[in-house]
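Q: can't give you the sequence, but here's the structure:
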């Protein structure tokens, strides 16, 4: 074989090998596991886990869900710059995420609605029947940490709206670091009362009772929003999951666990309350 022919042969071999290498990379990339990372506030962990499992079984997409306090999750996302969807337990934390350039404001959807309620140990040993009773000397009250837990901030706003904050504050013995820990305090009898979302009672009906707050005392209806994170590497896939989170099927699951799927359902308990708007 002449030198020129040898050179051409080597070039062709090199091209073929390169194309095979590139093809292998493309094949590996196209066959890679599809994964979404979602950061959920802990207020709806049970229904959201069920919804995620259904989504995974139908799409083959793996969803890595982290549950915790809304503020802590937001801080984690900002530090790590990781995540596809952020879903806090109230609109104010979503406003923070939008303002901090963590989420796409135009992608926000609402998963379920929440109203505040008084949750007491089974049998209501302190005979708590109203918000005013939380100010009675000796009553041990717990709320979520207002800095990081959505329902904690709401509890403070609720008490201030009814001119009860100063009177109740002296009875607050715990600022719980998550809504799950807040709920556990009342079920084990560590405190006499907590201010939580209405759905907290249904997490353990054998160990708690619910006292609904007078409708005129509720200034705001809260809700669980969700939005696509600006850190996502697959916005189309993130949008697909977000669409499923607000689908009729997902709403039915929320209702099954005593969440309000629509604002009309929540309005039955707080007809004159406003619905907080998300900024950013």
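A: Now that the structure is in, tell me what you want to look at. Since the model is a prediction, treat every value here as computed from it, not as a measurement.
Q: Give me the contact list for stretch 104-113.
A: With C-beta atoms under 8 Å, 6 or more residues apart in numbering as the test, stretch 104-113 has contacts from 44, 47-48, 87, 94, 98, 221-230, 239, 242, 245-246, 250-251, 254, 259-263, 265-266, 278, 280. Where you see a C-beta, it was placed from the backbone N, CA and C, and this is true even at glycine.
Q: List buried residues within those.
A: 44, 47-48, 87, 94, 98, 221-230, 239, 242, 245, 250-251, 254, 259-261, 266, 278, 280 (16 or more other C-beta atoms under 10 Å).
Q: chain center to stretch 85-101: distance?
A: 10 Å (C-alpha atoms, centre = their mean, to the nearest Å).
Q: for stretch 137-146, same thing?
A: Distance, centroid of stretch 137-146 to centroid of chain: 23 Å (C-alpha atoms, centre = their mean).
Q: Same question for stretch 77-95.
A: For stretch 77-95, the distance to the chain centre is 9 Å (C-alpha atoms, centre = their mean).
Q: Straight-line length of that stretch, end to end?
A: 15 Å (C-alpha to C-alpha, to the nearest Å).
Q: With stretch 218-232 instead?
A: 37 Å.
Q: domains of the chain?
A: With domains defined by automatic domain parsing, the chain comprises 35-113+224-275, 116-217.
Q: Using JSON lines, lay out the ones you listed together with mean pLDDT.
A: Formatted as JSON lines, these follow (pLDDT from 0 to 100):
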{"stretch": "domain 35-113+224-275", "mean pLDDT": "96"}
{"stretch": "domain 116-217", "mean pLDDT": "96"}
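Q: Among the buried ones among the contacts of stretch 104-113, which ones are in strands?
A: Per DSSP state E, strands hold the following members of those: 87, 221-228.
Q: middle-most residue in this structure, spatially?
A: The centroid of the chain falls nearest to residue 41 when counting by C-alpha atoms, centre = their mean (2.9 Å).
Q: correct me, but it touches residue 87?
A: Yes - at 6.4 Å, residue 41 counts as touching residue 87 under the criterion of C-beta atoms under 8 Å.
Q: intersection of neighbour lists for these two?
A: Common neighbours of residue 41 and residue 87 (C-beta under 8 Å, 6+ apart) are residue 224.
Q: quick one: which two of the ones in strands among the buried ones among the contacts of stretch 104-113 are the most distant?
A: With C-beta to C-beta as the measure, no two of these lie farther apart than 221 and 228, at 24.0 Å.
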